[in-house]
Every structure is written in structure tokens, then in C-alpha cells.
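> 3D model of this:
(one chain, ligands or ions: 1)
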Amino acid sequence: MRLRVNGGNRLCGELNVQGAKNSILPILAACVLVRGEVVLHNCPELSDVASAIKILEHLGLKCERNGDKIRVLCGSINCARVPESLMREMRSSIFFLGPILSSCGRAEISMPGGCELGPRPIDIHIAALRRLGALIEDERGILSCRVEERLKGTQIDLWFPSVGATENTILAAVLAEGTTVITNAAREPEIVDLADFLNACGARIYGAGSSKILIEGVNELRGCEYSIMPDRIAAVTFFSAAAITRGEINLKGVKEEHITSSLSILEAAGCSIKVGGDEIYLKCQNRPRSMNIIKTMPYPSFPTDAQAPIMSLACIADGTTMFVETIFENRYRHVCELMRMGADIKTEGKVAVVNGVKRLNSADVTCTDLRGGAALLIAALSAEGESNIYSIEHIDRGYQHIEKDLRSLSLEVERIE
Ligand code: UD1
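Purely as a prediction, here's the structure:
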């Protein structure tokens, strides 16, 4: 499958931003802890969401999708094991560890292993679950976990504010005995969304969004109706696409406070931005300016997931932009492909130096990961002529019907099976 892009057109129009991938995945995992019916709105149609649903169904829960609504009939799960084939489909399946362990007293999953972004260990998840009383053994790549009676609340200090480990710890602690306090917790908005969902189900989680989260264990969680927050990374991706094509976009259903660091970078590039309620309008009339130094850091700083989409913009900016990637070890794999399109980029370890060129040229390029794939698509939109983007299954993990959305914004993009 590939995307054929006829680049060089201005992006122009209005779009509703999709629900957040990084929010719905832990929320679906949380359904393992709930009894009763959960109805989720604003659910993006993504391959990762389909994988999470497969895991829920494997565990014995009934899921039904209708447009952007997913209904999960939650009850006791009939299995404590996630098979390797399902674990391989999506690294985020690690989110199921905490909930399965909490609800069954045992869990067996295969180690998620490395991924395209680097080694991605899960030691912080494991250490936190052990603090809650889990007994965990790694037997040739299979994690066997059990708990003697019930997980017990305690004080947990994360040595890095890992998003996934914070979520897994919350998921394990909501039904634990007593109170858990997580310090140095990740502060990403998706953590707040997970906590809000769980609290709507009857959990008692305080302080999500700050670096200290307090969880008072409760005995049960009941179903609820909940709407998934907007996808802040998809929002930044569309803004980059608008800016690189010197176009304009009115993005609806987006929260400014989730993307302030990215918006100030887009402003530094010369974009004019107007915010009105949950709509953000962005216009870029001239060649973007360079964006000096962009350093990826935990929220509320600039997100690693927006690094690649913004790098495409830097490729055609007037001047030099330096990127410093501090979150993942191997997050410059899109650079080689951008260079095939004429970008001038040098990398050295965590640093990438992008000297803006006047224009990129069309080319055939291959996605190596989700956000890197989005970056190639953005670059292709700006390059005159036909580009083909291969391995778009990476893009489909995080952007729902991307070609349809881009076409609705006056761009020429076609999916070729
Ligand atoms: C989540 C997001 C991902 C985003 C990332 C950072 C989801 C589904 N994915 O991933 O899109 O890029 O946050 O904002 O929400 N680490 C360890 N040990 C651990 C856990 C993490 O060393 O046990 C390291 C990782 O290798 C990485 C860094 O910590 O270098 C950040 O990882 P983390 O915040 O956990 O990211 P994810 O939750 O995997």
C-alpha cells in the first residue's frame, strides 16, 4: 500500500481533529478493570485501536464499534494471558499488564521488546508494579506476574516521568488496597484523560497532570460514557502541513493548552495563529523562518512525537534549525528519506541540524515509523510533482483516513492498494 501525492498545492480548509491515539489505548486497557458498560466517543479509527480491541476480545470482553463510538461490555476477563502475536501488533499492549494483574491476580505477557524508536525498556513499569506487590519473573521473554492477595498502595518514585509507566501504575493502583502516591509522574494530557475516565468509573485519582498523583484504592469500577480528548499530535501534524504548503487551516475540537509549546514554535516560524474556544486557525503566507533550537522534553515542553512533522517544515525554512531529541535514542530515521527529497540535514547522536532549502523535490520514500511517516507525507505535500510514500501502515497506526482528510483540505493524495 502506498500514498500517491501530487505536491505543490496549498492546504486550505477546515477539519475536526481526531480523538487521541495515546489516550484511547490506555483507556481501552482500563476497561479490563470495569464492570458494566463503557461507551467511548470520539474514538479514532486506527490500526492500533483495532489491535487493542482484539486484545480485549481475546480476554473475553465484547466490543462493538459504530462510527466514532466504541461500546465495551465489561465483566470478568476469562484469561490472564496476552499472546505474543497480539503483543507484537502494538507495543502499547504493555498497558494491559497492570489491569490484568489487578483484576486476575496474575498476568502473562511477552516482553514487548525494542521498536523502531530504539530499545524501549519497560523497567520503570516493572519496578512500579513490584512496589505495589507484584511478583514478576521474566522467563525467556515471557513476563509472568502474580500477586499474593491484592496489590497494595504505596509510595512510588519514578526515576523518569515515563508516560506508559505512569499509566500502568495508575491502572494497577486504582483497585489496590490503600493509597498510592506516584512522584515524578508524567504530566501529559493523556494521563489526565485516563484519570478523568477512571474517576468517571468511580476511581479516586487526584493530581493527574501534575508530577504527584495520589490514588485512593476503591473496591470496584462501574461503566460510564466518556469522550476521548483530541489528538494533540495529529493537530500539530496538520498545522505543519498547512505551514509547509503556505496554506491555511481552521482546526476544530482542539485544545490550545495541550499544544502551547508547538504553537510557539510555529509562530516563531512566521505562522499567524488565532485561537477561539476549541478552534485554532493557522495561516502561513511566506516562506517559514528557521526555528532556532527545538529540544524534545516531557510535557509541557515540546513533544518528541511532533519532532518529525516539524522537521519537515524546518527543511524548507529560511535558515538553520537545530533539533535535540532527548526522549528516544533512535528517532531520526526519517532523516535519510527527507534527504532523498533534497533536504539538507546532518545528524550526530541526539542532534540534527537542518539547513533550510528553498524547496524539496518529489521522490519515492518509505516510512520507518509513525511520526516519521507523517513527516514524509508533509514533505511530499510541499514538493512539486508526484511522490509515492510506501509502508504507510506506520501512518495508519496514528492518523485516521489521512488521505481523505488531506483531500478535504484541497490536497491531492490518493491511497493505492
Ligand atoms: C508514550 C507515547 C509515545 C510518546 C512517548 C513520549 C503512548 C501510546 N505512546 O510512549 O507516542 O512518544 O510517550 O512522550 O502513549 N523508558 C525506560 N523504561 C521504561 C519506560 C520508558 O527507559 O520502563 C524510556 C523510553 O525508552 C524512552 C523514555 O523513557 O526513552 C520515554 O518513554 P515513555 O514516556 O515511557 O514513552 P511511552 O509511554 O512508551
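
> any idea which element Asn6 lies in?
strand 2-7 (DSSP states H and E).

> Direction included, what does that strand pair against?
Sheet pairing for strand 2-7, assigned by DSSP bridges, gives strand 385-390 (antiparallel), strand 412-416 (antiparallel).

> what sits up against the longest one?
Applying CB atoms under 8 Å, 6 or more residues apart in numbering, the contact partners of strand 385-390 are 2-8, 341, 361-367, 373, 376-377, 380, 395. To be clear about C-beta, it is placed using only N, CA and C from the backbone, and glycine gets the same treatment.

> A helix includes Glu149, no?
No - the assignment for Glu149 by DSSP: H, G, I helix; E, B strand; the rest coil gives coil, which leaves it out of any helix.

> where does it fall, phi/psi-wise?
For Glu149, the backbone dihedrals (degrees, to the nearest 10) come out as phi -120, psi -80.

> got it, and Leu15?
phi -150, psi 140.

> List the residues that contact it.
Counting by CB under 8 Å, 6+ apart, Leu15 makes contact with 238, 249-252, 405, 408-409.

> correct me, but Met297 touches Gln307?
No - between Met297 and Gln307 there is no contact under CB atoms under 8 Å: 10.8 Å.

> and those two? which has more neighbours close in?
Shown here are Met297 and Gln307; by other CB atoms under 10 Å, Gln307 has more neighbours (26 against 15).

> What's the mean pLDDT across the helix or strand in which the more buried one is found?
Element membership for Gln307, per DSSP H and E: helix 307-315. Averaging pLDDT along helix 307-315 yields 98.

> try stretch 172-182
Mean predicted lDDT for stretch 172-182 stands at 97.

> where's the spatially closest residue to Ser227 that is not a sequence neighbour relative to Arg71, distance?
Spatially, and ignoring its direct neighbours in sequence, Ser227 is nearest to His41 (4.1 Å; CB to CB, 6 or more residues apart in numbering). Applying CB to CB, to the nearest Å, one obtains 10 Å for the distance of His41 from Arg71.

> can you check Glu14 too?
Counting by CB to CB, the gap from Glu14 to Arg71 is 29 Å.

> Surely Asp344 touches Asn355?
Yes - with contacts counted by CB under 8 Å, Asp344 reaches Asn355, the gap being 4.2 Å.

> overlap in contacts of those two?
Common neighbours of Asp344 and Asn355 (criterion: CB under 8 Å, 6+ apart): none identified.

> separation between Gln307 and Ile402?
Separation of Gln307 from Ile402 (CB to CB): 19 Å.

> who's in contact with the closest residue to the ligand within the chain?
Residue of the chain nearest the ligand, by CB to the nearest ligand atom: Gly164 (2.7 Å). Contacts for Gly164 (CB under 8 Å, 6+ apart) come out as 92, 94-95, 122, 125.
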